[in-house]
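> Dropping a prediction and its sequence here:
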Amino acid sequence: MEAEMATSSTRRNVNISIANDNADFIKSHGVNLSKAVDTLIEEMRRRKMREEWSSENRVALDQRCRVLESEGGTAAERLYGVTPPEVI
C-alpha cells in the first residue's frame, strides 16, 4: 500500500536536535530539513512494514519455497512457461 505524503493540514511541528556539522551542511546546501526528515522516516516506515509483513507471513513463505524446491523450476516457469534468461 502506498502511503500518502503529508499535506500542510496533516503536518505537525516537532523539535529535533542534529549535530552541528549536519546543521552547517544543510544550511550551506539549501537542504529542506523537513522534507529530508519526512523522506527518511517514510523510507524507515516502509522498510519496517515490509519486515513486519515478512515476519507475519514467514510460515507461508517458507512453505511456498519448499513447494517450489520440490516441484523444481521457478514460479514463472511453471505458471507462465517463461524460462529465465541465462546469466553470462
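The structure has been received and is ready for your questions. Numbering: from 1, shown residues only.

> Show the residue spans covered by the helices in this structure.
20-28, 33-56, 58-71, 75-80 (DSSP state H).

> Lowest mean pLDDT among the helices and strands of the chain, which one is it?
Every helix and strand of the chain was ranked by mean pLDDT, DSSP states H and E. The lowest is helix 75-80, at a mean of 69.

> Show me the shaky parts of the protein.
Judged by pLDDT under 70, the chain has its weakly predicted residues at 1-9, 73-78, 81-88.

> try 50
1-2 (pLDDT under 50).

> re the thing from before, which stretch among the helices of the chain comes nearest R11?
helix 33-56 (8.1 Å; Cβ to Cβ). For the C-beta atoms, the positions are set from N, CA and C on the backbone; glycine is no exception.

> The closest one versus helix 20-28: what angle between them?
Interaxial angle of helix 33-56 relative to helix 20-28 (axes from the mean of the first three to the mean of the last three Cα atoms, to 10 degrees): 120 degrees.
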